[in-house]
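In: attaching a predicted model along with its sequence, questions to come.
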Amino acid sequence: MSESFEFDLAVIGAGPGGYVCALKAAQRGLKVLCVDRRETPGGTCLNVGCIPSKALLHSSERLHEAETEFAALGIDGVTPTLNLGQMMARKERVVGDTVKGIGFLFRKNNVTFKVGEATLTGPHSLSISGETVTAKSIVIATGSAPAALPGVAFDEKRVVSSTGALSLESVPKRLAVIGAGVIGLELGSVWKRLGSEVTIIEYGDHIAPGFDRGLGRQFQRALEKLGLKFRLSTRVTKIAIEGSALDLTLQKVGQEATEALEADVVLVSIGRKPYTQGLDLGTVGIDTDEVGRIPVDAHFRTSCPSIYAIGDVIAGPMLAHKAEEEGIALAEHLAGRVGHVPYDAIPSVIYTQPEFAMVGRTEEQLKQDGVAYKTGSFPFMASARARAIAATDGGVKVLTDAKTDRILGVHILGACAGELIAEATLAMTFKASAEDVALACHAHPTLSEALKEAALGAYDKPLHL
Ligand code: FAD
């Protein structure tokens with residue numbers, strides 16, 4: 001006897017993984033429910049992540065540009081002043097409009113959206129704030145939450161996670177940022193441009209872990225030019241609240257001695273951890289791994305056959321577009337079609353100024369794996385367009401297989417790197433060679449010519465260098 005369920009699919013979490021999976025499955029004809037405890041769908045990304053951070057990055061960049069670059073561009077008479085309230089209100093509007101867009105898409109595609117706390121009650125059932133719902137398949141897309149330092153709780157006023165750092169009510173005089181990864185660098189540069197003295201403390205010996213080390217050194221110099229101060233190979237051993245100030249104790253890696261650093265606000269951006277609280281995974285026999293992720297097979301199936309998991313809550317880079325691709329691939333699979341995530345070609349971007357973007361492997365990884373590779377590089381200093389728009393910091397590096405010329409990785413530091421990396425991602429997704437990219441006609445004058453030149457350099461010689 002076949003069981004009947006209220007829904008074909010119930011998705012827990014309306015972030016980029018969950019809402020995209022719900023939409024795609026509905027477009028494929030499934031009856032879909034998506035549930036989130038937030039009234040505003042979009043998850044971390046839309047509410048307290050990608051979108052508000054990019055809105056603040058944009059505003060703070062324009063302020064900084066007007067303050068420091070207009071005179072050189074021949075624009076006089078502009079004396080900008082910060083209106084933080086207005087800047088935050090604009091950010092809220094951007095978030096609000098984007099979130100409304102998801103609600104519209106849900107209605108358009110007949111996805112039922114429920115607000116509530118979801119708990120698994122069986123392989124095909126869940127409770128949503130007390131109401132029981134049944135579904136043939138269930139997808140867990142509950143995302144991740146900021147990791148805290150042991151013994152230091154977030155109050156989101158003085159000891160803040162990214163969420164608090166996106167909504168500070170005034171510009172802190174001194175901001176200490178713990179962790180020089182994507183979030184620390186993006187939000188550190190926002191508050192630096194708005195007037196804070198920003199010190200970024202990083203346990204590792206370089207910033208932007210996981211990105212190209214050579215371009216990374218140029219990246220650090222560019223951020224130092226902005227005024228960010230870095231304390232590398234250093235860990236924070238204690239944060240004490242002393243009246244209105246915070247006293248941080250710093251210790252150089254491998255040394256006994258400690259030193260003090262005072263700050264008014266501390267942003268703890270040491271990573272994010274998968275979020276499964278309140279799901280009651282034990283009820284359906286799902287265990288998490290040593291770092292709290294839900295193990296899945298190649299089709300995102302957990303150890304409970306009717307339950308799947310995608311996005312930040314499973315292994316892989318914690319990125320919105322990775323979660324989305326998994327959502328689409330899973331929806332296709334559940335609809336009886338074929339889904340595929342090109343894990344070898346998932347881009348990563350740090351949206352600072354200059355931007356830092358990468359796709360594929362780094363030189364360090366290729367060396368470690370003993371892969372014979374070639375390199376082609378092109379600096380933006382040699383690009384006419386970069387000079388015209390006063391954005392000569394950085395360059396492009398293309399890594400190819402020494403035998404086949406196939407592109408193995410592309411690294412871009414510079415203005416619009418986050419947009420430029422799309423071409424490299426497409427090339428890698430289609431398994432292109434450097435020659436394929438170099439043979440394509442690129443509009444002149446554009447920054448994209450630097451990718452063509454670097455690709456040319458990987459198997460021949462750049463023309464304009
Ligand atoms: P999430 O977006 O975290 O969504 C999970 C949802 O599940 C949440 O809405 C939560 O309320 C809900 N939920 C959890 N448990 C339950 C429950 N039991 N019942 C009901 N609902 C529940 N990524 C990028 O690719 N580009 C960027 O520029 C970028 N910038 C970022 C900036 C910041 C400051 C932060 C914090 C993150 C950023 N990210 C960025 C990462 C990105 O936000 C995440 O990778 C992405 O949101 C993960 O999507 P997800 O669907 O897996 O989970």
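Out: Now that the structure is in, tell me what you want to look at.
In: output the below-cut-off pLDDT ranges for the stretch 1-150 of the chain.
Out: For the stretch 1-150 of the chain, the stretches with pLDDT under 70 are 1-2.
In: residues contacting whichever residue of the stretch 51-200 of the chain sits closest to the ligand?
Out: Closest to the ligand within the stretch 51-200 of the chain is Gly143: 2.0 Å, counting by Cβ to the nearest ligand atom. Heads up, the C-betas are built off the backbone N, CA and C, glycines and all. By Cβ atoms under 8 Å, 6 or more residues apart in numbering, Gly143 lies in contact with Gly13, Gly15, Gly17, Gly43, Thr44, Pro274, Tyr275, Gly311, Asp312, Val313, Ala323.
In: next up, the contacts around the residue nearest to it when sequence neighbours are not counted.
Out: Among residues not flanking Gly143 along the chain, Asp312 sits closest, at 4.5 Å (Cβ to Cβ, 6 or more residues apart in numbering). The contact partners of Asp312, by Cβ under 8 Å, 6+ apart, come to Gly15, Gly17, Thr44, Gly143, Ser144, Arg272, Pro274, Tyr275, Met318, Ala323.
In: what's the helix or strand for the third one?
Out: If I follow you right, that is Thr44. helix 43-48 (DSSP states H and E).
In: what residues does that helix touch?
Out: Residues from elsewhere that reach helix 43-48, judged by Cβ under 8 Å, 6+ apart: 13-19, 36, 38, 40, 49, 51, 95, 98-99, 102, 141, 143-144, 162-163, 166, 312, 320.
In: so which of the residues you listed are in helices?
Out: Counting by DSSP state H, those place Pro16, Gly17, Gly18, Tyr19, Ile51, Val95, Thr98, Val99, Ile102, Ser162, Thr163, Ala320 in helices.
In: how about those in JSON lines, adding distance to the ligand and neighbour count?
Out: Listed next are these as JSON lines, based on distance: Cβ to the nearest ligand atom, whole Å; neighbours: other Cβ atoms under 10 Å:
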{"residue": "Pro16", "distance to the ligand": "4", "neighbour count": "30"}
{"residue": "Gly17", "distance to the ligand": "3", "neighbour count": "33"}
{"residue": "Gly18", "distance to the ligand": "5", "neighbour count": "29"}
{"residue": "Tyr19", "distance to the ligand": "8", "neighbour count": "29"}
{"residue": "Ile51", "distance to the ligand": "8", "neighbour count": "21"}
{"residue": "Val95", "distance to the ligand": "12", "neighbour count": "20"}
{"residue": "Thr98", "distance to the ligand": "13", "neighbour count": "19"}
{"residue": "Val99", "distance to the ligand": "11", "neighbour count": "20"}
{"residue": "Ile102", "distance to the ligand": "11", "neighbour count": "25"}
{"residue": "Ser162", "distance to the ligand": "4", "neighbour count": "21"}
{"residue": "Thr163", "distance to the ligand": "7", "neighbour count": "16"}
{"residue": "Ala320", "distance to the ligand": "4", "neighbour count": "22"}
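In: just those residues now: which is nearest Thr249?
Out: Distance to Thr249, by Cβ to Cβ, is smallest for Ser162 among these, at 23.1 Å.
In: could you find the closest non-adjacent residue to the closest one?
Out: Leaving aside its chain neighbours, Ser162 sits nearest to Ile183 (5.0 Å; criterion: Cβ to Cβ, 6+ apart).
In: is Leu330 in a helix, a strand, or coil?
Out: Look at Leu330: counting by DSSP: H, G, I helix; E, B strand; the rest coil, its state is helix.
In: neighbours of Phe300, how many?
Out: Per other Cβ atoms under 10 Å, the neighbour tally for Phe300 reads 26.
In: looks like it contacts Ile314 (just checking).
Out: Yes. Phe300 is in contact with Ile314 according to Cβ atoms under 8 Å; the separation is 7.2 Å.
In: joint contacts of these two?
Out: Common neighbours of Phe300 and Ile314 are listed as Glu326 (criterion: Cβ under 8 Å, 6+ apart).
In: spit out the contact partners of the residue nearest to Ala335 when sequence neighbours are not counted.
Out: With sequence-adjacent residues excluded and distances taken as Cβ to Cβ, 6+ apart, Ala335 is closest to Arg28, at 3.6 Å. The contact partners of Arg28, taken as Cβ under 8 Å, 6+ apart, are Ala331, Glu332, Leu334, Ala335, Arg337.
In: and for Ile421?
Out: Going by Cβ under 8 Å, 6+ apart, Ile421 touches Pro347, Val349, Ala357, Met358, Val359, Val410, Ile412.
In: of the residues you listed - the most surrounded one?
Out: Neighbour counts for those (other Cβ under 10 Å) peak at Ile412, which has 34 neighbours.
In: is it true that it lies in a strand?
Out: Yes. According to three-state DSSP, Ile412 belongs to a strand.
In: per-residue pLDDT, it?
Out: If you check Ile412, the pLDDT there is 98.
In: wait, doesn't it sit right on Ala424?
Out: Yes. The criterion here is Cβ under 8 Å, and Ile412 meets it with Ala424 at 7.4 Å.
In: list residues touching both of the two?
Out: Shared contacts of Ile412 and Ala424 (Cβ under 8 Å, 6+ apart): Leu451.
In: what's the burial count for the residue nearest to Ser162?
Out: 23.
In: distance check, the residue nearest to Gly143 against the ligand.
Out: Here the criterion is Cβ to the nearest ligand atom, to the nearest Å. By it, Asp312 lies 4 Å from the ligand.
In: residues contacting the spatially most central residue of the chain?
Out: Centroid-nearest residue in the chain, with Cα atoms, centre = their mean: Leu319, separated by 4.6 Å. By Cβ under 8 Å, 6+ apart, the contact set of Leu319 is Ile346, Ser348.
In: likewise for Tyr373?
Out: Neighbouring residues of Tyr373 by Cβ under 8 Å, 6+ apart: Glu363, Leu366, Leu399, Thr400, Asp401, Ala402, Leu408.
In: for beta bridges, what are the partners of it?
Out: Counting by DSSP bridges, Tyr373 is bridged to Asp401.
In: swap in Ser127?
Out: Going by DSSP bridges, Ser127 forms beta bridges with Thr119, Thr132.
In: and the residue of the stretch 251-400 of the chain closest to the ligand?
Out: Closest point on the stretch 251-400 of the chain to the ligand, by Cβ to the nearest ligand atom, is Gly311, at 2.3 Å.
In: relative to Ala240, how far out is the residue nearest to that residue when sequence neighbours are not counted?
Out: Take Gly311 and drop its neighbours on the chain: the residue closest to it by Cβ to Cβ, 6+ apart is Gly17, 2.9 Å away. For Gly17, the distance to Ala240 (Cβ to Cβ, to the nearest Å) stands at 38 Å.
In: quick revisit: in JSON lines, list the contacts of Asp312 along with distance to Ala391.
Out: Formatted as JSON lines, these follow (distance: Cβ to Cβ, whole Å):
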{"residue": "Gly15", "distance to Ala391": "33"}
{"residue": "Gly17", "distance to Ala391": "34"}
{"residue": "Thr44", "distance to Ala391": "30"}
{"residue": "Gly143", "distance to Ala391": "34"}
{"residue": "Ser144", "distance to Ala391": "33"}
{"residue": "Arg272", "distance to Ala391": "31"}
{"residue": "Pro274", "distance to Ala391": "37"}
{"residue": "Tyr275", "distance to Ala391": "38"}
{"residue": "Met318", "distance to Ala391": "29"}
{"residue": "Ala323", "distance to Ala391": "31"}
